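Participant: quick check, what structure comes out for this input:
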Amino acid sequence: MMPKTPINHRATRRLPEPEPRRSRLSCCLTDPTNAARTMILTQCAACAKPLAYDAPRCVRCHTRYCDAACQHEHWANGHKKKCKKIARGGGAEQYHADKKAKEAAEAAVVACAAQGVPQDAECFICGCSINSMPRSSEGIVRGCACRGTMGLAHLSCLVRQAEMSVKEKEEWGTGEGMRKWDACFDCGQLFHGAVMVALGWACWKTYLGRPETDGVRCNAMG
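Facilitator: Alright, predicted model coming up:
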C-alpha cells in the first residue's frame with residue numbers, strides 16, 4: 001500500500017478575494033457635489049475657512065467666500081484691483097492653477113539642476129538645447145529612473161507629450177492616455193519629486209475647464 005502524500009493545507013487554502021481598487025474617477029463621480037472632489041480652492045479667500053460647494057462667489061472672477069461679509073472685506077483689502085485680472089485668466093480656479101503650474105515648473109528645473117541634471121543636454125522629445133539651433137532657453141528636468149542621456153526633457157515637452165497621449169486615447173482609443181502624465185516614456189517609472197508636482201499642476205490646469213463629471217478632469221485632480 002502506497003503511503004499517502006501529506007496535504008499542505010496552507011497551500012490549498014483559498015485566499016479571500018482582494019477588494020476592488022477604488023479609482024480616482026469613481027471617488028469623484030460618486031460624490032460630485034463634494035467641494036473637495038470638484039475644485040482645488042476649497043477655502044474662503046478672506047478667512048481660509050472650509051467652503052461648501054455652493055458657497056457664495058464673486059460674480060466676475062468666481063473667487064469663493066464664506067459669506068457676503070468675507071467677500072466685502074476681501075474686496076476692500078485688495079481684491080478690487082485683482083478681480084479683472086483673475087477673470088481674464090479664466091476665473092479663480094484657472095488663474096490659481098496657471099500660477100501654481102508656472103511656479104512648480106520653475107521649481108522643478110531648479111531642483112533638477114541641484115541634483116546634477118545637465119542643463120545643456122538635449123531634450124529627448126524635441127531635440128533642442130541651450131546650444132542647439134533652434135535654441136531653447138528652457139531648463140532640462142528628469143524625475144524618473146533613467147540614467148545617462150535618457151529621460152532628459154523640457155517640462156513643457158513632457159506636458160505636450162501627455163496631452164497628445166490623452167487626445168489619442170479619447171479620439172482613437174489607442175495609446176496610454178493619462179499614464180503619460182504619471183510615468184516616464186523611456187523607463188516606465190512613475191515621476192517623483194519636483195517633476196511629479198510640476199506635471200500634476202500642469203495636468204490640472206489643462207483639464208479643469210471640463211465638466212466636473214468628466215473622467216479626465218477627475219483623474220487630473222488625483
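Participant: now do the buried residues in stretch 95-105.
Facilitator: Going by neighbour count (16 or more other CB atoms under 10 Å), the buried part of stretch 95-105 is 95-98, 100-101, 104-105. Where you see a C-beta, it was placed from the backbone N, CA and C, and this is true even at glycine.
Participant: for the lengthiest helix in the chain, name the packing helices and strands.
Facilitator: Using DSSP state H to assign secondary structure, the helix with the most residues in the chain is helix 92-114. With contacts defined as 3 or more CB pairs under 8 Å, 6 or more residues apart in numbering; DSSP states H and E, the secondary structure elements packing on helix 92-114 are helix 80-88, strand 140-141, helix 155-172, helix 193-207.
Participant: nearest residue to the middle of the chain?
Facilitator: Most central in the chain under CA atoms, centre = their mean is residue 200, positioned 2.1 Å from the mean C-alpha point.
Participant: what's near enough to touch it?
Facilitator: 104, 181 (CB atoms under 8 Å, 6 or more residues apart in numbering).
Participant: quick check, pLDDT for it.
Facilitator: Predicted confidence (pLDDT) for residue 200: 96.
Participant: now it: how far from residue 222?
Facilitator: The gap separating residue 200 from residue 222 is 9 Å, by CB to CB, to the nearest Å.
Participant: same thing with residue 138?
Facilitator: Using CB to CB, we find residue 138 at a distance of 27 Å from residue 222.
Participant: likewise for residue 161?
Facilitator: Using CB to CB, which is the criterion applied here, residue 161 is 19 Å from residue 222.
Participant: gap between the nearest residue to residue 56 once chain neighbours are set aside and residue 153?
Facilitator: Leaving aside its chain neighbours, residue 56 sits nearest to residue 65 (5.3 Å; criterion: CB to CB, 6 or more residues apart in numbering). The span separating residue 65 from residue 153 equals 41 Å under the rule CB to CB.
Participant: how about residue 91?
Facilitator: When residue 91 is compared with residue 153 (using CB to CB), they lie 31 Å apart.
Participant: find the least confident helix or strand in the protein, judged by mean pLDDT.
Facilitator: Ranking every helix and strand in the chain by mean pLDDT, DSSP states H and E puts helix 24-30 at the bottom, with a mean of 37.
Participant: for this protein, give me the ranges with low pLDDT.
Facilitator: Per-residue confidence of the chain (counting by pLDDT under 70) places the weak regions at 1-38, 133-135.
Participant: 90 instead, please
Facilitator: Counting by pLDDT under 90, the chain has low-confidence residues at 1-42, 51-55, 127-137, 148-149, 175, 185-186, 212-213, 221-222.
Participant: sounds good, over and out.
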